[in-house]
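>>> below is the structure, and that's it, no one-letter string:
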């Protein structure tokens with residue numbers, strides 16, 4: 001190079017448009033995703049009802065002794081029930097075993113452990129001695145359900161659980177409410 005020659009200018013790279021770079025999208029994307037997740041969470045919280053908490057929880061807590069007495073009474077009477085659902089889930093047949101005269105007016109309560117809105121109470125008519133039938137307003141959703149067979153006078157009750165729809169009969173015995181029913 002000659003001292004009289006002007007220096008060659010250095011050419012710098014021209015930056016591209018900002019939207020073609022990854023960093024602005026990362027920096028804008030994280031807060032945007034957080035806002036979207038927050039809106040989705042609020043929407044789910046206000047549009048669904050968990051049905052778990054009762055308004056009169058204190059009174060229900062005090063009534064637990066009465067409920068336990070009903071279970072103990074059914075055990076002392078030696079009651080047992082065999083619950084059979086129709087294949088379409090709209091009819092139920094219950095065969096009650098125990099002392100004569102205890103089957104004067106029965107009902108079946110289907111209680112979902114986490115969705116109170118799906119609970120059903122089914123009145124049962126005696127079609128033969130110890131044999132009761134009833135119609136469900138709607139078939140229960142598939143899953144685990146608590147079954148309560150009780151008399152209309154609320155003197156005793158049999159409790160158990162089953163996965164519905166149950167292809168076979170569900171056996172309920174007094175004092176065995178912790179055991180699983182049909183799977």
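All right, it came through fine. What you see is a predicted model, and the numbers here were worked out from it, not measured in a lab.

>>> let me see the domain layout of this structure.
According to automatic domain parsing, the chain comprises the domains 18-47, 77-173.

>>> least confident of these, on average?
Between the domains of the chain, the one with the least mean pLDDT is domain 77-173; it has a mean of 83.

>>> how far out from the middle of the chain is that one?
18 Å (CA atoms, centre = their mean, to the nearest Å).

>>> how long is it end to end?
Across domain 77-173, the terminal residues are separated by 11 Å (CA to CA, to the nearest Å).

>>> and the strands in this structure?
With strands called from DSSP state E, the chain shows them at 80-85, 91-97, 106-111, 120-128, 131-135, 143-151, 157-164, 170-173.

>>> those: which one's closest to residue 36?
Nearest to residue 36 among the strands of the chain is strand 143-151 (30.7 Å), distances taken as CB to CB. Any C-beta I mention is one placed from the backbone N, CA and C, and that applies to glycine too.

>>> related to what we said a few turns ago, got a markdown table for the strands of the chain, with distance to residue 56 and mean neighbour count too?
Shown next, in a markdown table, are these (distance: least, CB to CB, whole Å; neighbours: other CB atoms under 10 Å):
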| stretch | distance to residue 56 | mean neighbour count |
| --- | --- | --- |
| strand 80-85 | 29 | 20 |
| strand 91-97 | 29 | 18 |
| strand 106-111 | 17 | 18 |
| strand 120-128 | 18 | 14 |
| strand 131-135 | 28 | 17 |
| strand 143-151 | 19 | 19 |
| strand 157-164 | 20 | 21 |
| strand 170-173 | 27 | 20 |
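
>>> so for residue 63, which of those sits nearest?
Of all the strands of the chain, strand 157-164 sits nearest to residue 63, with 12.9 Å by CB to CB.

>>> who does that closest one touch, helix- and strand-wise?
Using 3 or more CB pairs under 8 Å, 6 or more residues apart in numbering; DSSP states H and E, the elements in contact with strand 157-164 are helix 64-77, strand 80-85, strand 143-151, strand 170-173.

>>> report the inter-axis angle for the third one versus strand 131-135.
Put plainly, it is strand 143-151. 130 degrees (axes from the mean of the first three to the mean of the last three CA atoms, to 10 degrees).

>>> quick one: work out the angle between strand 143-151 and strand 80-85.
Using the same axes, to 10 degrees: strand 143-151 against strand 80-85 is 130 degrees.
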